[in-house]
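Chemist: Okay, here's the prediction I keep looking at, along with the sequence it came from:
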Amino acid sequence: MSILETNIAEWTFITESSIPDDVSSILANGETAVAAYRTVRDSAIFTNKRLMVRDVQGITGRKAEIYSVPYSAINMWSTENAGTFDLSAEITLWTRSGKIKINLRKGVDIRKIDKIIAQSVL
């Protein structure tokens, strides 16, 4: 398989949510949170500079891994709308490191996310 065929990461955004209070402690100078989404285990936050996905690990949930994708690393992206009988949509990001797939559950506004990415990448 080539790098274009394999995902280096795959996440599912379930619903849009409020921006977590503790996210400000990990933002860089001049960085602001724009939108947040609940994932299977925690949250994803779009800022004006990057996408961060926080993945809580372990039974106690004390350990968390934070993935950070700077928009400058995105070479190309695609969006696939939900069809009539399809309950989800998806976004694929091609980065220098590989391909990232984001599944969106029904009700998550794919156009809002597409606009956030476009405003930051272009």
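Modeler: Here it is on my side, so go on.

Chemist: tell me which strands and helices the longest strand seen in the chain is in contact with?
Modeler: Taking DSSP state E as the criterion, the chain has its longest strand at strand 7-17. Helices and strands touching strand 7-17, as assessed by 3 or more Cβ pairs under 8 Å, 6 or more residues apart in numbering; DSSP states H and E, comprise strand 33-39, strand 43-47, strand 99-105. Every C-beta, even on glycine, is put in place using the N, C-alpha and C of the backbone.

Chemist: Of the ones you listed, flag the one that's most buried.
Modeler: Mean neighbours per residue, mean count of other Cβ atoms under 10 Å, is largest over those for strand 43-47, with a mean of 22.

Chemist: Sheet partners, orientation included, of it?
Modeler: Strand 43-47 has the following strand partners under DSSP bridges: strand 33-39 (antiparallel), strand 50-57 (antiparallel).

Chemist: Least reliable of the ones you listed by average pLDDT, please.
Modeler: Of all the strands paired with strand 43-47, strand 50-57 carries the lowest average pLDDT, namely a mean of 90.

Chemist: thinking again about what came up before, let me have the helices and strands packed on strand 7-17 in TSV, extended by distance to residue 54.
Modeler: Formatted as TSV, those follow (distance: least, Cβ to Cβ, whole Å):
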stretch	distance to residue 54
strand 33-39	8
strand 43-47	5
strand 99-105	14
